[in-house]
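J.: just to be clear, the model below is a prediction. Sequence and coordinates:
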Amino acid sequence: MSNHHIYKKIELVGSSKVSIEDAINNAIKECSKSISNLDWFEVIETRGHIENNAVAHYQVTLKIGFKIADS
């Protein structure tokens, strides 16, 4: 193992009918199914969809950072 770490960031969008926090958790949960070593996230953008004068769902754009294996 080296004495440094290398990371990569990807951008994705999580959504939820419940809340912003749920949208974040949905994105991280799905991402973890195909990418290992998740380490942090940044919220880049928050938006939502309105139906009948109420919030119908939330969308959150995230950057998720993960460590490259063996770095």
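T.: Alright, I've got the coordinates.
J.: for the protein, what spans make up the strands?
T.: Ranges of strands in the chain, per DSSP state E, are 7-16, 38-51, 54-67.
J.: where does pLDDT dip in the protein?
T.: Scanning the chain for pLDDT under 70 picks out the ranges 1-2.
J.: thinking again about what came up before, most tightly packed of the strands of the chain?
T.: strand 54-67 (a mean of 16; mean count of other CB atoms under 10 Å). All C-beta atoms are positioned from the backbone trio N, CA, C, and that covers glycine.
J.: for Cys50, which non-adjacent residue is closest in space?
T.: Just so we're on the same page, residue 50 is Ile rather than Cys. Residue nearest to Ile50 in three dimensions, not counting chain neighbours: Ala56, with 6.2 Å by CB to CB, 6 or more residues apart in numbering.
J.: I figured the one you found hits Ser16, correct?
T.: No: when contacts are counted by CB atoms under 8 Å, Ala56 is not listed as touching Ser16 (10.7 Å).
J.: please tell me how far the closest residue to Val55 other than its chain neighbours sits from Lys8.
T.: Closest residue to Val55 apart from its sequence neighbours, by CB to CB, 6+ apart: Gly48 at 5.2 Å. Using CB to CB, to the nearest Å, Gly48 is found at 29 Å from Lys8.
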